[in-house]
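Trainee: Coordinates only, no sequence provided:
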């Protein structure tokens with residue numbers, strides 16, 4: 001498994017590019033919201049350093065979390081079709097398809113068939 005999984009970058013006015021600490025290209029959508037709010041606050045003369053720390057230091061255990069070892073594990077708690085689709089999109093950045101073993105658990109209230117279709 002590759003530790004160099006894709007991390008999005010957001011450009012914050014007055015700061016420049018900031019690499020997101022959460023993996024996955026889908027995090028760029030979340031960062032776009034942060035960047036828009038940041039730009040407005042910056043325009044008003046405010047510099048919200050907490051927002052900068054939020055996008056560069058956030059941790060979310062169990063979301064595209066790489067656990068090193070032999071073998072390495074990639075943990076993700078995707079529980080709805082958009083989350084499964086984001087996981088499927090991110091997987092090539094971690095390992096080749098031939099190296100993957102998928103272990104899935106689906107609790108009550110989640111449609112296993114819909115989750116499989118999203119992948």
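Mentor: Received, thanks. Bear in mind the structure is a predicted one, so any value in this text is a computation, not a measurement.
Trainee: where does residue 78 land in three-state SS?
Mentor: Following DSSP: H, G, I helix; E, B strand; the rest coil, residue 78 is assigned to coil.
Trainee: Over to it: give its phi and psi.
Mentor: Reported as degrees, to the nearest 10, the phi and psi values for residue 78 are phi -60, psi 130.
Trainee: and it, what is it in contact with?
Mentor: 84, 86-87, 115 (CB atoms under 8 Å, 6 or more residues apart in numbering). Backbone N, C-alpha and C define where each C-beta goes, glycine included.
Trainee: strands paired with the longest strand seen in the chain, and their directions?
Mentor: In terms of residue count, the longest strand belonging to the chain (DSSP state E) is strand 16-23. According to DSSP bridges, the neighbouring strands of strand 16-23, each with its direction, are strand 7-12 (antiparallel).
Trainee: ok, now which ones touch the nearest residue to residue 58 once chain neighbours are set aside?
Mentor: The shortest distance from residue 58 to any residue that is not its chain neighbour, by CB to CB, 6 or more residues apart in numbering, is 5.1 Å, and that residue is residue 21. The contact partners of residue 21, taken as CB under 8 Å, 6+ apart, are 7, 55-59.
Trainee: Please repeat the previous calculation with a cut-off of 7 Å.
Mentor: With contacts defined as CB atoms under 7 Å, 6 or more residues apart in numbering, the neighbours of residue 21 are 56-59.
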